[in-house]
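Chemist: sequence unknown, structure follows:
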């Protein structure tokens, strides 16, 4: 599989264009928040599979690497939904990261 390297702003714009061409950006913000909550639950499920396994007869047992790849994909879905929300309010990922870093440094006096 070919690896794609992008800067944050470049990826944010790519995702906006991708969602726009499919009409996915037209969904209401409340629908998008529902998707984010759903994807967050899928991250929890993927972590559970990695940490303690899944004990369901209707699910195939996967290797650690397969479970880890599932976590990577679910984290991507969460990030994608966060980016769509940020785009709706014209907030760059760099602005989010910078504000978060400043908040932590101020709060914990780093």
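Modeler: Structure's in. What do you need? All of these numbers come straight from a predicted model, not from anything done at the bench.
Chemist: show me which helix runs longest in the protein.
Modeler: helix 64-88 (DSSP state H).
Chemist: what residues of the very next helix or strand once past that helix count as buried?
Modeler: With elements assigned by DSSP states H and E, the helix or strand that comes after helix 64-88 is helix 93-108. Buried residues in helix 93-108, counted by 16 or more other CB atoms under 10 Å: residue 93. All C-beta spots, glycine's among them, are computed from the backbone N, C-alpha and C.
Chemist: can you tell me what sits against helix 93-108?
Modeler: 8-9, 11-12, 83, 86, 110 (CB atoms under 8 Å, 6 or more residues apart in numbering).
Chemist: go again with 7 Å.
Modeler: Helix 93-108 is contacted from outside by 8-9, 12, 83, 86, 110, using CB atoms under 7 Å, 6 or more residues apart in numbering.
Chemist: ok so, going back, ok and the longest helix of the chain relative to helix 93-108, angle-wise?
Modeler: Orientation check (axes from the mean of the first three to the mean of the last three CA atoms, to 10 degrees): helix 64-88 against helix 93-108 gives 100 degrees.
Chemist: list the helices and strands helix 64-88 packs on?
Modeler: helix 8-22, helix 29-51, helix 93-108 (3 or more CB pairs under 7 Å, 6 or more residues apart in numbering; DSSP states H and E).
Chemist: packing partners of the longest one?
Modeler: Using 3+ CB pairs under 7 Å, 6+ apart as the contact test, the elements touching helix 29-51 are helix 64-88.
Chemist: identify each buried residue in the helix it packs on, please.
Modeler: Result for helix 64-88 [16+ other CB under 10 Å]: buried residues 67, 70-71, 74-75, 77-78, 80-84, 86-87.
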